[in-house]
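K.L.:
Quick one, what's the 3D model for this:
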Amino acid sequence: MRILVVYCHPSRTSFTYEVLRSFTRGLSDAGHEIEISDLYGMDFRTDLTEEEYLRETHYRSDLPVPADVKAEQDKIERADSIAFVYPVFWTEAPAKLVGWFDRVWTAGYAYADCTMKPLDKALFIACTGKTLQSLEETGNKLAMETVMLGDRINQRAKSKQMVFLDGISHYDEALLQRMKPQHLEAAYRLGLEF
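P.N.:
Numbering: from 1, shown residues only. Coordinates of the predicted model:
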């Protein structure tokens, strides 16, 4: 199976980067073909131009999309499934990943006479400093699942899942060191079982 991994983190020394490496090692060990869109590494532009804004708000699928957006859509079309690996910032994905959706989910492709092929699977691996218990108690877990699984993926994949690798913050180094090995093993298993 061919997997597109959309990775979004500004640092290659981060826990999130370690998760990406563990996850893709699992994918590779399972025999999958992997393509990675490293949004920071690519310096992917995430803000809409006025032309893009007008194209989208008027559902003008007859107008062309920018080359960098078309390149991402082509990656999706080559893939069977998609995975997103990113940290949680203020109960949301980084602005660069949000902007990727803003620009890549275009009218005539991902909505409004959608031509995007349905993917087999969509997986979100969200690395968060807060614990899962905290995210559940505050309703933040449900909010993030609603946005990512309900809105951004919706019917664009046959199955969808969001996994939280929690308690990963330098605010609590002891918790981070305790959680890190099991989360990296979980990321590897997610890749192996994808």
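
K.L.:
Grab the longest helix from this structure for me.
P.N.:
With DSSP state H setting the assignment, residue counts place helix 173-193 as the longest helix in the chain.

K.L.:
what comes up buried for it?
P.N.:
Within helix 173-193, the residues scored as buried using 16 or more other CB atoms under 10 Å are 176, 179, 180, 183, 184, 186, 187, 188, 190, 191, 192. The C-beta positions use only the backbone N, C-alpha and C, and glycine is treated the same way.

K.L.:
so can I have CSV of those residues showing distance to residue 45 and pLDDT?
P.N.:
Formatted as CSV, the buried residues of helix 173-193 follow (distance: CB to CB, whole Å; pLDDT from 0 to 100):
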residue, distance to residue 45, pLDDT
176, 32, 78
179, 34, 88
180, 33, 92
183, 31, 95
184, 31, 96
186, 32, 98
187, 28, 98
188, 32, 98
190, 29, 98
191, 29, 98
192, 34, 97
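
K.L.:
before we move on, the earlier item: mind giving me the packing neighbours of the longest helix of the chain?
P.N.:
helix 15-29, strand 119-127, strand 157-165 (3 or more CB pairs under 8 Å, 6 or more residues apart in numbering; DSSP states H and E).

K.L.:
Using TSV, please lay out the ones you listed together with mean pLDDT and mean neighbour count.
P.N.:
Converted to TSV, the helices and strands packed on helix 173-193 look like this (pLDDT from 0 to 100; neighbours: other CB atoms under 10 Å):
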stretch	mean pLDDT	mean neighbour count
helix 15-29	98	20
strand 119-127	98	21
strand 157-165	98	18
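
K.L.:
Worst mean pLDDT across the helices and strands of this protein, which element?
P.N.:
The weakest-scoring helix or strand in the chain, judged by mean pLDDT, DSSP states H and E, is helix 173-193 (a mean of 92).

K.L.:
So what touches it?
P.N.:
Applying CB atoms under 8 Å, 6 or more residues apart in numbering, the contact partners of helix 173-193 are 15, 18-19, 22-30, 32, 123, 125, 127, 131, 163, 165-170.

K.L.:
ok, 6 Å please
P.N.:
18, 19, 22, 23, 25, 26, 27, 29, 30, 165, 167, 168 (CB atoms under 6 Å, 6 or more residues apart in numbering).

K.L.:
now do stretch 150-165
P.N.:
101, 119-128, 132, 145, 148-149, 183.

K.L.:
need the contact list for the residue nearest the centre of the chain.
P.N.:
Central residue of the chain (CA atoms, centre = their mean): residue 84, 2.4 Å from the mean position. Residue 84 is in contact with 6, 124, counting by CB under 6 Å, 6+ apart.
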